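A.B. asks: Take a look and give me a structure for this.
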Amino acid sequence: MKILFLGDVMGRAGRRAITENLPRLRAAWKLDFVVVNAENATSGVGLSGAHAKSLLEAGADCLTLGDHAFDQRDMLQFIEAEPRVIRPLNFSKAAPGKGAQLYTSKNGRKVLVAQVLGQVFMKRPFDDPFSALDPVLKTHPLGGLAQAVVVDIHCEATSEKMALGHFCDGRASLAVGTHTHVPTADAMVLPKGTGYLTDAGMCGDYNSVIGMDKAEPMRRFITGMAKERFTPANDAATLSGVYVETDDRSGRAIRIAMIREGGLLQSAAP
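C.D. replies: So this is what the prediction gives:
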């Protein structure tokens, strides 16, 4: 299978990067399944139902969220009616929606997508991601019920993402980090066949401070004082993420490549 995972969609620029580029890439690269982390797609904080619909219509098969999952209040109801949007498994036992979902790709193969939140340096004490993820992976063994498994690891600390990546090795086709909005350069296939990348980066304007217009973050760093609200930067955006090819029988990754399309960052096509 050919799978594309795109990192945190950041505001209007990120949404524009998806809607303008994903249909073309989906056709040109003959993609079987596309996962998009969209938790910052609406004004940089959360995802609205309307923006979720536009990203799905652009070609995403699944949207993942994160620690800002329900910052847009209508997502509380929208996620219950739209199975193509998932929130983290360990967000809250009372949270609506699901943290993992088995999908059928356009070629008929089954793809499991799951997401967990990290605990290190996060603002809230979320439940243990390892114990939340383990039963899901046991229930959907790679190459069995699921022909491919994608795990979105939404963490602040790179060490925690790496530990979760190794925890998934041999149990997932792709384990990829999100949340920091900064792409890493460590795409690899782990020893047991799981594609891994510490952070997919963001789909947004990189002429910014992690997607936000530069003026207010810089003012706060320099003076220690806030003057205005953060607003997403809105110039040319980069589509940022990771591409993985899997073996059709085992579901293990056989090729992985970082993706940078447009804006300030560029890389070759997979």
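A.B. asks: Tell me how many other residues crowd Glu156.
C.D. replies: Neighbours of Glu156 under the rule other CB atoms under 10 Å: 17. For every residue, glycine as well, the C-beta is placed using N, CA and C.
A.B. asks: where's it relative to Ser54, distance?
C.D. replies: 28 Å (CB to CB, to the nearest Å).
A.B. asks: in the stretch 151-270 of the chain, which spans are strands?
C.D. replies: 174-178, 188-189, 195-197, 202-203, 239-246, 253-261 (DSSP state E, counting those that start in this stretch).
A.B. asks: For those strands, could you give me JSON lines that also reports mean neighbour count?
C.D. replies: Listed next are these as JSON lines, based on neighbours: other CB atoms under 10 Å:
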{"stretch": "strand 174-178", "mean neighbour count": "29"}
{"stretch": "strand 188-189", "mean neighbour count": "15"}
{"stretch": "strand 195-197", "mean neighbour count": "28"}
{"stretch": "strand 202-203", "mean neighbour count": "34"}
{"stretch": "strand 239-246", "mean neighbour count": "25"}
{"stretch": "strand 253-261", "mean neighbour count": "19"}
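A.B. asks: Format those strands as JSON lines; extra columns: mean pLDDT and distance to Glu39.
C.D. replies: Shown next, in JSON lines, are the strands of the stretch 151-270 of the chain (pLDDT from 0 to 100; distance: least, CB to CB, whole Å):
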{"stretch": "strand 174-178", "mean pLDDT": "98", "distance to Glu39": "8"}
{"stretch": "strand 188-189", "mean pLDDT": "98", "distance to Glu39": "25"}
{"stretch": "strand 195-197", "mean pLDDT": "98", "distance to Glu39": "18"}
{"stretch": "strand 202-203", "mean pLDDT": "97", "distance to Glu39": "11"}
{"stretch": "strand 239-246", "mean pLDDT": "97", "distance to Glu39": "14"}
{"stretch": "strand 253-261", "mean pLDDT": "96", "distance to Glu39": "19"}
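A.B. asks: any idea of the mean pLDDT for stretch 222-234?
C.D. replies: The pLDDT scores in stretch 222-234 average 94.
A.B. asks: Contacts only, for the residue nearest the centre of the chain.
C.D. replies: For the chain, the residue nearest the mean C-alpha position is Asn37 (3.2 Å; CA atoms, centre = their mean). For Asn37, the contact set (CB atoms under 8 Å, 6 or more residues apart in numbering) comprises 5-9, 63-66, 152, 154, 178, 200.
A.B. asks: how close does it get to Cys62?
C.D. replies: 10 Å.
A.B. asks: Poorly predicted segments of this structure, please.
C.D. replies: Residue ranges of the chain with pLDDT under 70: 268-269.
A.B. asks: One more pass at 80, please.
C.D. replies: 264-270 (pLDDT under 80).
A.B. asks: quick one: contacts of the longest helix anywhere in it?
C.D. replies: Of all the segments assigned as helix in the chain under DSSP state H, the longest by residue count is helix 11-28. For helix 11-28, contacts defined as CB under 8 Å, 6+ apart pick out 4, 6, 8-9, 31, 34, 36, 40-44, 51, 54-55, 58-60, 202-205, 211, 231-239, 261-263, 269.
A.B. asks: burial of the closest residue to Ser208 other than its chain neighbours, as a residue count?
C.D. replies: What sits nearest to Ser208 in space, not counting adjacent residues and going by CB to CB, 6 or more residues apart in numbering, is Ala233, at 3.6 Å. Counted with other CB under 10 Å, residues neighbouring Ala233 total 24.
A.B. asks: quick one, phi psi at Ala233?
C.D. replies: phi -70, psi 150 (degrees, to the nearest 10).
A.B. asks: from memory Phe33 sits against Lys110, does it?
C.D. replies: No. Phe33 lies out of contact with Lys110 (CB atoms under 8 Å); the separation is 10.2 Å.
A.B. asks: what residues do those two have in common as contacts?
C.D. replies: Tyr103, Ala148.
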